[in-house]
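okay, here's the prediction I keep looking at, along with the sequence it came from:
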Amino acid sequence: MFRVLMAALLAVGLFAFAPSVKTFAQEKQTKKSTCEFGADDQKLKGAERKKFLAKCMANEDSGEKKKAKPKPKPKKEEKKEG
C-alpha cells in the first residue's frame, strides 16, 4: 500500500513539474528566434552575428554601457581612549 501511495505522489510531482520544463524550453526558443530576427534585421554576418546572438541570449544590454556602482566609503574607526 505504501509503495502505491509513493508511486502516485511521485507521478503527480513529475506531472506538475513537466509543464514548467516545457515552458522554459518554449521561452528559450522564442528568445532565440527574436535574437535571430534582430541579427537579420541588422544584416549581421560571421563573427559580428555570433557576438550579437551571444549577447542577446545572455540578457545583456546591447547598446547601453552598464553604469559602475559607486564604491562604498570606508568607515572611520573610532579610537578608544583608555
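On my side now, so go ahead.

report the distance from the longest helix anywhere in the chain to the chain centre.
As assigned by DSSP state H, the longest helix anywhere in the chain is helix 2-41. Mean C-alpha position of helix 2-41 versus that of the full chain (CA atoms, centre = their mean, to the nearest Å) differs by 15 Å.

pLDDT of that helix, averaged?
Averaged across helix 2-41, pLDDT comes to 80.

buried ones in that helix, by neighbour count?
Buried residues in helix 2-41, counted by 16 or more other CB atoms under 10 Å: 35, 39. C-beta here means a position set from N, CA and C on the backbone, and glycine is covered the same way.

following element in sequence after it, please.
helix 46-57 (DSSP states H and E).

angle of that following helix against helix 2-41?
Taking axes from the mean of the first three to the mean of the last three CA atoms, to 10 degrees, one finds that helix 46-57 is oriented at 130 degrees with respect to helix 2-41.

could I get the average pLDDT for helix 46-57?
92.

is it true that residue 42 touches residue 52?
Yes - the criterion here is CB atoms under 8 Å, and residue 42 meets it with residue 52 at 7.2 Å.

between the two, who's got more neighbours?
Set side by side, residue 42 and residue 52 show more neighbours around residue 52, with 17 against 11, by other CB atoms under 10 Å.

tell me if I'm right that the more buried one and residue 46 touch.
No - Residue 52 lies out of contact with residue 46 (CB under 8 Å); the separation is 10.6 Å.

need the overlap of contacts for those two.
Residues touching both residue 52 and residue 46 (CB atoms under 8 Å, 6 or more residues apart in numbering): there are none.

which residues touch stretch 5-13?
Contacts of stretch 5-13 (CB under 8 Å, 6+ apart): none.

dump that stretch to PDB, restricted to CA.
Below are the C-alpha coordinates for stretch 5-13, written out as PDB (Å, rounded to 0.1, in the frame of the first residue of the first chain):
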ATOM      1  CA  LEU A   5       0.900   5.800  -2.500                       C
ATOM      2  CA  MET A   6       4.600   6.800  -3.000                       C
ATOM      3  CA  ALA A   7       4.400   6.000  -6.700                       C
ATOM      4  CA  ALA A   8       1.200   8.100  -7.100                       C
ATOM      5  CA  LEU A   9       2.800  11.000  -5.300                       C
ATOM      6  CA  LEU A  10       5.900  10.800  -7.500                       C
ATOM      7  CA  ALA A  11       3.700  10.700 -10.600                       C
ATOM      8  CA  VAL A  12       1.800  13.700  -9.500                       C
ATOM      9  CA  GLY A  13       5.000  15.600  -8.700                       C
END
